[in-house]
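# From the sequence below, what's the structure:
(2 chains)
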Amino acid sequence: MTSITTGLACPVHEGSRNEWITLAHGEGGRLMRRLIQERIMPPVENEFLRPAGDAAVLPPIKGRLAMSTDSFVVSPLFFPGGDIGSLAVYGTVNDLAVAGAVPRWISLAFILEEGLDLDTLEHVLASVSAAAKRVGVAVVTGDTKVVPRGAADKLFINTTGIGEMVDPAPPGPSALQVGDELLVSGPIGCHGMAVLGAREGFALDSPLRSDSAPLNAAVAALMQHNVQLRAMRDATRGGIGAVLHEWSESSGHTLAIDEQRLPVLPEVRGACELLGLDPVHVANEGTMLLALPHEAVKLALAILRAVPETQGAVQIGRVLARGVANVVVSRGVGREVPLDEPLGAPLPRIC
Amino acid sequence: MKYLDEYRRTEHCEKLLDKIRGTATRPWTLMEVCGGQTHGLLRYGIDSALEDVVRLIHGPGCPVCVTPIEAIDAAIALSRRPNVTITSFGDMLRVPGSGDSLLQARASGGNIQIVYSPLDAVQFAAQHAEREVVFFAVGFETTTPTTALAVQKAAELGLTNFSLLVAHVRVQPAMEMLAESDDSAIDGFLAAGHVCTVAGFESYHEFARKYRLPVVVTGFEPVDLLNGILECVTLLERGEAKVVNCYGRSAVAAGNRQALAIVNDVYEVCDQPWRGLGVVPKGGLRLRAKWSAFDAESDHKFGRIYARPLSGRPPAIAPTRPPQEVLFPCDRDSCNPAETAGLSCDPAETAGQNRLSADSPLPASACRSGEVLTGRIRPTECEHFGNRCTPESPLGAPMVSAEGACAAYFRYAPRRAK
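Sure thing, here's the model as predicted:
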């Protein structure tokens, strides 16, 4: 007989009380009410979050509203540099921020897999709470569902956020003009490689860390100084490559980047080279791409570099008149070649 | 980063480009063997920088491109059996078989997992005693040591639920086949640096002498590639057919002896069908009889899952056809003497039998991968490139693989040389 020596499916934190999520926690009875009231609500408590209400009633705000939703299914739940809880807050906050909005309120919906360790849920909630405090948003409504074992991977989160638009908001990628410059707010590819490394258990000398972080402070600082912005996007799935292709399509211009200017941490670069991946196509969770007129670059870089989350900001390329390819990249040999748009997630090469 | 930045430096590249331009007195035709090198040349724009100086044609060194359709179909069929898990490298998953790819098969219920190392598949087998775990072992000499090691490791652990579906290929027999073909235009080879790192390059001396072709062991970074091209052009200008190592930081003449000993313990040489090329004599590896317990095709595992054609010469490759009208007298992708016995591959004999209009759906057999993999045509010379054959709906493997020549052109030079 083979003895089972592998780890348990759910991480059991030190001091675990061995309490598990059961289907009954989602069936509307006393167990569900206690779970929500005793475990889920206290860490994110605020004046708008009412245990008895079906909807949060929010005060009026002056400006236009921005709204964004995102679902989070990352595996593993905890990875170097972050976890699903903070990611669920920052992800939605960043979507609002790059649209030119100040994030105000978010919802928090859990889909829990039967058998999830309650300690794990509490760790995630503590992280949600800390992240919400850091960015100044309130969790104002939520939902909890439990699905049978195997129907979800431990824990999924959906967050929807509402923000208040600050005018003048960036007009968006269709406003890109020939001669505009492209900036990236920090090192690229960290999140995707950190999650891949944690999931596959790569034994690398330098640990990979996710860049999971909020971008609202950086955006607020830019807008406060009236920096003229054309477009901003947080470069999540598909990396900065996906954003460049989308912007090229929206604007009808060719976007050119210089590979030697791209900020890539040595450990990320090393892992990418090993696996045959291009950091340009690897996901980020706290890094954005910005397009702005040439004359605004100096001020924008100075402002971004003064904010902790974007101190690695650099200029990486520019907007050209429409050429043969949507996006071109200049590499070592000094010639511009098209930057491809992968079909799906890049798969590691064979040799 | 050490070993990377110094091999990508623009000023270094420019100097080498100038030297190549100053050395070549005629447009020599060089073939780089490895798909990784093809992508390097296109990715860095080296081929366009040297247009009119040297002619770079691309060889058959894309491991998943030459994996037989029948092997992919067999892997898919196994993945649908209860209690069987197929494991393989990510790059193998997008390549279509006769119908689906492994990725499509996974979406429709096949049990298929990507692993980063064959040893991960062994570990998976150890943790899932109830499942029969099959590693789909593809690749050149670069991957054979790790799959051989996986077999040894599985034996050491006493596993009875782990096996290999072997479709390994060897580079040099394919180079010999190309050098011997009547229409070969190749003046010199850039040998695959990583293959030489494992297998060494002593055997190339005889090859260079026999075919009177210089062979330059070449790496993958732009400076490596340019150095290899410069060395090959220099040898050609001097009329010297010898072997030179331009990848000294990784490859040595004798190769990696430890790796070769493991490979030799586990595998033996066999004739092997290559997708698009036909059977390459001594072009593959199979498990030695003593390891049959780990052979997915042995009687006590799954038996003969797919029929391998008997050894024989590769099919004649038809001349370039006009773009408007497509003739496909035989299954170009898998055409081989055993399967097509009695059927003619001569387009003249079958003209009019299989005529397709320009917009009817194309079968995979319309793929001209055989001509692409032997350097007879550039991907962009194929009438289907970029219109009816794209990464979204590929006709053949070179359009989807990370090392495929068609994929390289589609990514980096989509509008070149139409």
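# Just list the residues touching the residue of the stretch 101-250 of chain A found nearest chain B, thanks.
Minimum separation of the stretch 101-250 of chain A from chain B (Cβ to the nearest Cβ) falls at A:E200, amounting to 5.8 Å. Every residue, glycine included, has its C-beta placed from N, CA and C. Neighbour list for A:E200: B:Y116 [criterion: Cβ atoms under 8 Å, 6 or more residues apart in numbering or on different chains].
# Backbone dihedrals for it, please?
Backbone torsions for A:E200, taken as degrees, to the nearest 10, come to phi -90, psi 0.
# Check the gap between it and A:P76 for me.
Applying Cβ to Cβ, to the nearest Å, the value for A:E200 to A:P76 is 10 Å.
# can you pull the pLDDT of A:M1?
The per-residue pLDDT reported for A:M1 equals 36.
# just B:D299 next, same as before
Note for B:D299: predicted pLDDT of 87.
# Now do the contacts for it.
Counting by Cβ under 8 Å, 6+ apart, B:D299 makes contact with nothing.
# Please tell me how far the residue nearest to A:F156 when sequence neighbours are not counted sits from A:D153.
Nearest residue to A:F156, sequence neighbours excluded (Cβ to Cβ, 6 or more residues apart in numbering or on different chains): A:I111, at 4.2 Å. In this view, A:I111 and A:D153 are 10 Å apart by Cβ to Cβ.
# Who has more neighbours out of the two?
A:I111 (20 against 14; other Cβ atoms under 10 Å in any protein chain shown).
# ok, which stretches of the stretch 51-200 of chain B are helices?
B:69-79, B:102-107, B:118-127, B:144-156, B:171-180, B:193-199 (DSSP state H, counting those that start in this stretch).
# likewise chain A?
Secondary structure of chain A (DSSP state H): helices located at A:30-34, A:84-98, A:118-135, A:190-200, A:216-224, A:239-251, A:266-275, A:297-305.
# in the sheet, who's paired with A:I257?
Per DSSP bridges, the residues bridged to A:I257 are A:G317, A:V329.
# show me what contacts it?
Here A:I257 is in contact with A:182, A:240, A:244, A:280, A:316-317, A:327-330, A:339 (criterion: Cβ under 8 Å, 6+ apart).
# Repeat the analysis, applying 10 Å as the threshold.
Going by Cβ atoms under 10 Å, 6 or more residues apart in numbering or on different chains, A:I257 touches A:182, A:184, A:240-241, A:244, A:280, A:289, A:315-318, A:327-330, A:336, A:339.
# Quick check, the residue in the stretch 301-418 of chain B closest to chain A?
For the stretch 301-418 of chain B, Cβ to the nearest Cβ, closest residue to chain A: B:R411, 3.7 Å.
# What about the nearest residue to that residue once chain neighbours are set aside, how many residues nearby?
Distances taken as Cβ to Cβ, 6+ apart place A:D340 nearest to B:R411, at 3.7 Å, with adjacent residues excluded. Using other Cβ under 10 Å, A:D340 has 23 neighbouring residues.
# So A:D340 is in contact with A:G241, correct?
Yes - if you go by Cβ atoms under 10 Å, A:D340 and A:G241 touch, sitting 7.9 Å apart.
# where do the contact lists of these two overlap?
With Cβ under 10 Å, 6+ apart as the test, A:D340 and A:G241 both reach A:278, A:280-281, A:327, A:329.
# List just the nearest of those residues to A:N158.
Of all the shared contacts of A:D340 and A:G241, A:N158 sits closest to A:H281, with 25.5 Å by Cβ to Cβ.
# Please name the residues that touch the closest one.
Going by Cβ under 10 Å, 6+ apart, A:H281 touches A:188-189, A:192, A:237-242, A:272, A:339-342, A:345-346.
# how many neighbours does residue 103 have?
Since no chain was named, I'll use chain A. A:P103 - counted by other Cβ under 10 Å - has 28 other residues nearby.
# right idea, wrong chain: chain B
Neighbours of B:L103 using other Cβ under 10 Å come to 19.
# Tell me the predicted confidence for it.
Residue-level confidence at B:L103 comes out at 93, pLDDT.
# for the nearest residue to it once chain neighbours are set aside, what are its contacts?
Leaving aside its chain neighbours, B:L103 sits nearest to B:L93 (4.4 Å; criterion: Cβ to Cβ, 6+ apart). Contacts for B:L93 were tallied using Cβ under 10 Å, 6+ apart; they are A:347, B:64, B:72, B:86, B:101-106, B:112-114, B:136, B:400.
# Mind checking which of these are buried?
A:347, B:64, B:72, B:86, B:101-103, B:105-106, B:112-114, B:136, B:400 (16 or more other Cβ atoms under 10 Å in any protein chain shown).
# Max pairwise distance over these: which two?
Largest separation among the buried ones among the contacts of B:L93 by Cβ to Cβ: B:Q113 and B:V400, giving 19.1 Å.
# What about the closest residue to B:C389 other than its chain neighbours, how many residues nearby?
Distance criterion Cβ to Cβ, 6+ apart; nearest residue to B:C389, sequence neighbours excluded, is B:L395 at 4.2 Å. Applying other Cβ under 10 Å, we find 24 other residues in the vicinity of B:L395.
# where's B:L395 relative to B:K2, distance?
Between B:L395 and B:K2 the computed distance is 42 Å (Cβ to Cβ).
# A:E309 now?
From A:E309 across to B:K2, the span is 30 Å (Cβ to Cβ).
# The two: which is more packed in?
Between A:E309 and B:K2, counted using other Cβ under 10 Å, the more crowded position is A:E309 (21 against 6).
# Show the pLDDT at the residue most central in space within chain B.
Closest residue to the average C-alpha location of chain B: B:C62 at 2.6 Å, with Cα atoms, centre = their mean. For B:C62, the pLDDT comes out at 92.
# picking up where we left off before, need the contact list for the residue nearest to B:C389.
B:96, B:333, B:362-369, B:382, B:384-385, B:388-389, B:406.
# Least confident of those?
B:D333 (35).
# Can you tell me the SS state at the residue of the stretch 301-418 of chain B closest to chain A?
Here B:R411 is helix, with the state taken from DSSP: H, G, I helix; E, B strand; the rest coil.
# For it, report the pLDDT, please.
88.
# Quick one: neighbours of it, just the number.
Neighbour count for B:R411, taken as other Cβ under 10 Å: 20.
# With B:P379 instead?
Using other Cβ under 10 Å, B:P379 has 28 other residues around it.
# related to what we said a few turns ago, could you check how far the residue nearest to B:L103 is from B:A107?
11 Å.
# Spell out which parts of the stretch 251-351 of chain A neighbour chain B.
A:259-260, A:264, A:266-267, A:269-270, A:273-278, A:324-325, A:329-351 (Cβ under 10 Å from any Cβ of the partner chain).
# contacting residues for A:R50?
By Cβ under 10 Å, 6+ apart, the contact set of A:R50 is A:41, A:56-57, A:140-141.
# Could I get the residues you listed in JSON lines, plus columns for pLDDT?
Shown next, in JSON lines, are those (pLDDT from 0 to 100):
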{"residue": "A:M41", "pLDDT": "92"}
{"residue": "A:A56", "pLDDT": "92"}
{"residue": "A:V57", "pLDDT": "93"}
{"residue": "A:V140", "pLDDT": "96"}
{"residue": "A:T141", "pLDDT": "95"}
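# can you pick the most crowded of these?
When neighbours are taken as other Cβ under 10 Å, the top entry among these is A:V140 (22 neighbours).
# burial count for A:L215?
A count of nearby residues for A:L215, using other Cβ under 10 Å, gives 27.
# my bad, A:A291
Neighbour count for A:A291, taken as other Cβ under 10 Å: 28.
# My guess is it contacts A:L182. True?
Yes - between A:A291 and A:L182 a contact is recorded at 5.6 Å, counting by Cβ under 10 Å.
# residues contacting the residue nearest to the centre of chain B?
Contacts of B:C62 (Cβ under 10 Å, 6+ apart): A:350, B:34-36, B:38-39, B:91, B:95, B:140, B:275-276, B:369, B:372-373, B:397-398, B:401-408.
# ok, now A:R30?
By Cβ under 10 Å, 6+ apart, the contact list for A:R30 reads A:A24.
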